[in-house]
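Novice: with the input below, show me the fold.
(2 chains)
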Amino acid sequence: MSKVNWPLWEVFVRGKAGLSHKHVGSVHAADAEMAIANARDLYTRRSEGVSLWVVPASAIVASDPADKDSLFEPADDKVYRHPTFYDIPDDVGHM
Amino acid sequence: MTAAHTEDLFRYALRLGDDSLILGQRLGEWCARSPEMELDIALMNTSLDLFGRARTFLTYAGEVEGKGRDEDALAFLRDVGGFSNALLVEQPNGDYACTIARQFLFDAFDVAFMAALTRSSDATLAAVAAKAVKESTYHLRFSRDWLVRLGDGTAESHDRMQAGLEEMWPFLHELFEMDAAEQRLVAAGVAVDREALRAGVEARIDEALTEATLTRPVDGWQPVGGRRGDHSEHLGFLLAEMQWMQRAYPGSQW
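Specialist: Reported below is the predicted structural model:
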């Protein structure tokens, strides 16, 4: 018997109010409503969250792993992009 | 508490525990066999909610009875005739639509029942109900959603959903049955008047059936007897699987 899988949905959970939604994994579901239900049962059964997002996996646009060097490596030697690179003048106080 | 009241309360906690236990066990039979992995998790979550509830009810029943029986003794060492669950929950799973039909009818009743039980004058029963009503609200959302999906789905899913509904429908009525013991407990403010829930529950069911394009089965055969231990032949097989380990290795623990 051939088996057609339901579409894949990516699941994002907000751990608690004020935090951002974090990607936690994926579920199969026939539509958005079922995806929320399945995500609830799969990813929040141990009190992991207070809010769920589901997004069709087909709607995710990903960077090409082959572009890794050109996209990400140039950032590796730019220490001045990190706030820790700079000395904060004393009269600035807490930033 | 008079001896008669104690006996009534014991039987009440026992039957609530038995409903949860047997339905939880039935759902557990789907483990690793569900149509989809996601549904496997969903059905097991519901099953575990029901087991959690069963543990509390049976533990309480044992305390009320005062003969030293704990939840395990009540769950694993009673025979078929000692179980007081409704006949609905012991019905075999059938196909997925059949399981959904059983679950939907139970959930539609259970949400109303647990909401009413939160107002019980018995603090333990009210506390269990307060937790259960949230669980049951989700259970109903799940089973109702699938009832509508299958009913309003393909020709085959519609036919299977209708067949499952016809199979389970006769057993709905026992959920509203009141016996003398429950009537005494209602008068004492402890128990829920099941009969009073009927109109609301049936309205909830009818509304879902309409949305699911399903036909409400004709009320005919309305078997009862589960509450006094008269069960269908299915329960014995269920208990054999559920109880064999405690019977074979008494007192064994994980």
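Novice: what about chain A, any weak spots by pLDDT?
Specialist: A:1-3, A:95 (pLDDT under 70).
Novice: how many residues are close by residue 69?
Specialist: You didn't pick a chain, so chain A it is. 8 (other C-beta atoms under 10 Å in any protein chain shown). C-beta here means a position set from N, CA and C on the backbone, and glycine is covered the same way.
Novice: that's the other chain; I wanted chain B
Specialist: 18.
Novice: so how far is residue B:63 from it?
Specialist: 9 Å (C-beta to C-beta, to the nearest Å).
Novice: now residue A:64
Specialist: 64 Å.
Novice: neighbour count for these two, which is higher?
Specialist: residue B:63 (14 against 8).
Novice: and the residue nearest the centre of chain A, helix, strand or coil?
Specialist: Chain A has residue A:23 as the residue nearest its centroid, 3.5 Å off, counting by C-alpha atoms, centre = their mean. Under DSSP: H, G, I helix; E, B strand; the rest coil, residue A:23 falls in the strand class.
Novice: that one against residue A:9, yeah?
Specialist: No - using C-beta atoms under 8 Å, residue A:23 is not in contact with residue A:9, being 11.5 Å away.
Novice: okay, and the common contacts of these two?
Specialist: Overlap of the contact sets of residue A:23 and residue A:9 (by C-beta atoms under 8 Å, 6 or more residues apart in numbering or on different chains) is empty.
Novice: please list the residues of chain B that sit near chain A.
Specialist: B:36-39, B:41-42, B:45, B:138, B:141-142, B:145, B:149 (C-beta under 8 Å from any C-beta of the partner chain).
Novice: how about a markdown table for those residues, with neighbour count added?
Specialist: Output for the residues of chain B next to chain A, formatted as a markdown table (neighbours: other C-beta atoms under 10 Å in any protein chain shown):
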| residue | neighbour count |
| --- | --- |
| B:36 | 18 |
| B:37 | 13 |
| B:38 | 20 |
| B:39 | 20 |
| B:41 | 19 |
| B:42 | 26 |
| B:45 | 19 |
| B:138 | 18 |
| B:141 | 15 |
| B:142 | 24 |
| B:145 | 17 |
| B:149 | 17 |
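Novice: select, from those, the two members most distant in space.
Specialist: B:37 and B:141 (19.9 Å; C-beta to C-beta).
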